[in-house]
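S.K.: How does the following fold in three dimensions:
(one chain, ligands or ions: 2)
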Amino acid sequence: MKTLTLQPIAKVEGVVHLPGSKSISNRALLLAALAKGTTRITNLLDSDDVSHMLNALTALGVQYSLSDDKTVCDITGIAGVFQHTEPLELFLGNAGTAMRPLTAALAVSNVDVTLTGEPRMYERPIGHLVDALQQWNADVEYLQQKDYPPLRIRGKALAGGKISIDGSVSSQFLTAVLMTAPLLSGDSEIVISGELVSKPYIDITLALMARFGVTVQNNNYQSFVVKGNQQYQSPGEFLVEGDASSASYFLAAAAIKGGTIKVTGIGKNAVQGDIHFADALEAMGATVDWGYDYISVTRNQLKGIDRDYNAIPDAAMTIATTALFAQGPTAIRNVYNWRVKETDRLAAMATELRKVGAEVEEGEDYIVITPPTILKHASIATYNDHRMAMCFSLVALSDTAVTIEDPDCTRKTFPQYFEVFSTLSTPA
Ligand SMILES: O=C(O)C1=C[C@@H](OP(=O)(O)O)[C@@H](O)[C@H](O)C1
Ligand SMILES: C=C(OP(=O)(O)O)C(=O)O
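M.R.: Numbers count the residues shown, from 1 in each chain. Ligands and ions are numbered 1, 2, ... in the order given. Got it, this is the predicted structure:
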């Protein structure tokens, strides 16, 4: 297996032009594909998760062209639902932002599609989404195990109506039904049961739907009303914000070992909830400067804090390794759904943090990290989880090297991560 050893880093400094947001890229591609008109998407992310969405759109007959660096996509919308007469199999890797929204959009299309993925995708539940779609009378079948992909979807026209959806495991299920609701022949009301997790991702969904001409009535995140029989409209040009989750590693590095690092492509008005990772860093003691198109962070002595991170589960992983450099314990709470992401992230995080010497308490939905006085060199298993690889790069901001196993797993959302990280770093 390939490994990457990062030697101790004395200082980090510089400017990072962030690659496009994964969450926004995949939403924009799907909405542009369904819309009337041609959309030019710029600053599109080039990564595995986005390739899976693009490949699916190709197989479904959507016409688009990509620039050489794959960050500009001109896409001609189909002005309605997908039409494909032959049965299709679409492989979606481990991309939640492809699997969940496509499941819903295909259920209302003229298709007979099997959705497959990597082995881990078959361990990530999708039952709450399928339950919701079945209330609209969708035909979605589990091919192996109830509540999990792979799925067979025999799409057909759906009439809409009132449904309830469990929001307690993933917001992507609600995102999927919201984006599909305008395509139904009648109006819909979507009622949330359970605590809605990862709420800011719903704001991304609603903001993108609005850019493509569809407004949703949001009743305080308890229920949503969407008019049926609508067509998405191309906004013409669509610029993807920089990825706020990807920004977290650089901002944390500055907080730990800056120098100042400035990330561009996101700022105080960004639609992504993960920009509020910077608030957590500020609460830990870092100095944060916010502009409209940048966030910059400068080092201070950090202290451990105790917080609920349900709204920013992805960036919260970066707090777990930042905690190694804080005084006192850091608690990351209300992140139960870490267990159903790329790996069981609570278990993986606890195991790997212990390898570098941290004292870790792992609960069902939380983790408390107490840093050691001196970090130990370790070979960090990454569990095919891009965020495990990126988070643990921060260990090199100590007097100790760190070895990252399978560093290429960052290709899910940030293939160039380690190159960018090294350009900011001055060796000790
Ligand atoms: O809608 C999205 O783009 C995402 C929502 C979040 O998932 P959950 O809602 O499952 O927490 C997040 O972790 C994921 O990386 C992207
Ligand atoms: C949870 C993640 O991905 P997905 O979109 O596959 O859910 C992630 O990127 O951290």
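S.K.: where exactly do the helices run in this structure?
M.R.: Counting by DSSP state H, the chain has these helices, from start to end: 22-34, 48-59, 96-107, 127-135, 172-180, 200-211, 244-257, 277-284, 313-322, 345-355, 386-392, 417-424.
S.K.: Out of those helices, which is closest to residue 152?
M.R.: Each of those was checked against residue 152 via C-beta to C-beta, and the shortest separation belongs to helix 96-107, namely 10.2 Å. In this view, the C-beta of every residue, glycine as well, is placed from N, C-alpha and C.
S.K.: Spatially nearest residue to residue 60, not counting backbone neighbours?
M.R.: residue 82 (4.7 Å; C-beta to C-beta, 6 or more residues apart in numbering).
S.K.: again with residue 123
M.R.: In space, and not counting its chain neighbours, residue 123 is closest to residue 148: 6.8 Å by C-beta to C-beta, 6+ apart.
S.K.: Verify the stated contact: that neighbour with residue 120.
M.R.: No - with contacts defined as C-beta atoms under 8 Å, residue 148 does not count as touching residue 120, sitting 10.7 Å away.
S.K.: Next, show the common contact partners of the two.
M.R.: Common contacts of residue 148 and residue 120 (C-beta atoms under 8 Å, 6 or more residues apart in numbering): none found.
S.K.: rewinding a little: adding mean neighbour count, mean pLDDT and distance to ligand 1, write the helices of the chain out as TSV.
M.R.: Formatted as TSV, the entries for the helices of the chain read as follows, by neighbours: other C-beta atoms under 10 Å; pLDDT from 0 to 100; distance: least, C-beta to the nearest ligand atom, whole Å:
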stretch	mean neighbour count	mean pLDDT	distance to ligand 1
helix 22-34	27	99	3
helix 48-59	21	98	9
helix 96-107	27	98	5
helix 127-135	20	98	10
helix 172-180	27	98	5
helix 200-211	20	98	4
helix 244-257	28	98	7
helix 277-284	22	98	13
helix 313-322	27	98	5
helix 345-355	21	98	10
helix 386-392	28	98	9
helix 417-424	17	98	15
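S.K.: Ok, which of the ones you listed comes nearest residue 376?
M.R.: Each of the helices of the chain was scored for nearness to residue 376 using C-beta to C-beta, and the closest is helix 345-355 (7.2 Å).
S.K.: contact partners of the closest one?
M.R.: By C-beta under 8 Å, 6+ apart, the residues outside helix 345-355 that reach it are 317, 320-321, 324, 335, 338-339, 360, 362, 365-367, 369, 376, 378-381, 383, 385, 387-388, 392.
S.K.: between it and helix 313-322, how big is the angle?
M.R.: 10 degrees (axes from the mean of the first three to the mean of the last three C-alpha atoms, to 10 degrees).
S.K.: about what we covered before: need the helices of the chain in CSV (columns: distance to residue 71).
M.R.: Putting the helices of the chain into CSV (distance: least, C-beta to C-beta, whole Å) gives the following:
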stretch, distance to residue 71
helix 22-34, 10
helix 48-59, 10
helix 96-107, 17
helix 127-135, 30
helix 172-180, 23
helix 200-211, 18
helix 244-257, 14
helix 277-284, 24
helix 313-322, 21
helix 345-355, 29
helix 386-392, 19
helix 417-424, 15
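S.K.: Close to ligand 1: what parts of the stretch 151-300 of the chain are there?
M.R.: For the stretch 151-300 of the chain, the contact set with ligand 1 under C-beta under 6 Å from any ligand atom comprises 170-172, 175, 197-198, 201.
S.K.: Farthest-apart pair in the residues you listed, please.
M.R.: When those are compared pair by pair using C-beta to C-beta, the farthest-apart members prove to be 175 and 197, with a separation of 11.7 Å.
S.K.: Get me the contact residues on this structure for ligand 2.
M.R.: Near ligand 2, the residues belonging to the chain are 94-97, 314, 341, 387, 413 when assessed by C-beta under 6 Å from any ligand atom.
S.K.: From the contact counts, what lies against the longest strand anywhere in the chain?
M.R.: Across the chain, the strand with the greatest residue count (assigned by DSSP state E) is strand 9-17. Applying 3 or more C-beta pairs under 8 Å, 6 or more residues apart in numbering; DSSP states H and E, one finds that strand 9-17 makes contact with helix 244-257, strand 258-264, helix 417-424, strand 425-427.
S.K.: tell me the average confidence for that strand?
M.R.: When the per-residue pLDDT values of strand 9-17 are averaged, the result is 98.
S.K.: quick check: angle from it to helix 244-257?
M.R.: Using the same axes, to 10 degrees, the inter-axis angle of strand 9-17 relative to helix 244-257 is 150 degrees.
S.K.: in its sheet, what does strand 9-17 sit against?
M.R.: Strand 9-17 pairs in its sheet with strand 258-264 (parallel), strand 425-427 (antiparallel), by DSSP bridges.
S.K.: Can you give the domain ranges for the protein?
M.R.: Domain segmentation of the chain under the TED database yields 3-19+242-427, 22-224.
S.K.: Out of the ones you listed, which gets nearest to residue 231?
M.R.: Between residue 231 and the domains of the chain, the shortest separation by C-beta to C-beta is 5.3 Å, and it involves domain 22-224.
S.K.: how far does that closest one stretch from start to finish?
M.R.: Criterion C-alpha to C-alpha, to the nearest Å; first-to-last residue distance in domain 22-224 is 24 Å.
S.K.: How about stretch 141-159?
M.R.: Counting by C-alpha to C-alpha, you get 19 Å between the two ends of stretch 141-159.
S.K.: Stretch 379-387 now?
M.R.: The first residue of stretch 379-387 is 16 Å away from its last residue (C-alpha to C-alpha).
S.K.: what sits up against it?
M.R.: 3, 94, 118, 120, 245, 314, 317-318, 341-343, 345, 348, 351-352, 355-356, 388-389, 392, 395, 402-407, 409-414, 417.
S.K.: Okay, buried residues for that stretch please.
M.R.: Residues 380-387 are the ones in stretch 379-387 that count as buried (16 or more other C-beta atoms under 10 Å).
S.K.: Would you reformat the residues you listed as CSV and include distance to residue 74?
M.R.: Output for these, formatted as CSV (distance: C-beta to C-beta, whole Å):
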residue, distance to residue 74
380, 40
381, 41
382, 35
383, 37
384, 33
385, 33
386, 28
387, 31
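S.K.: Fine by me, thanks again.
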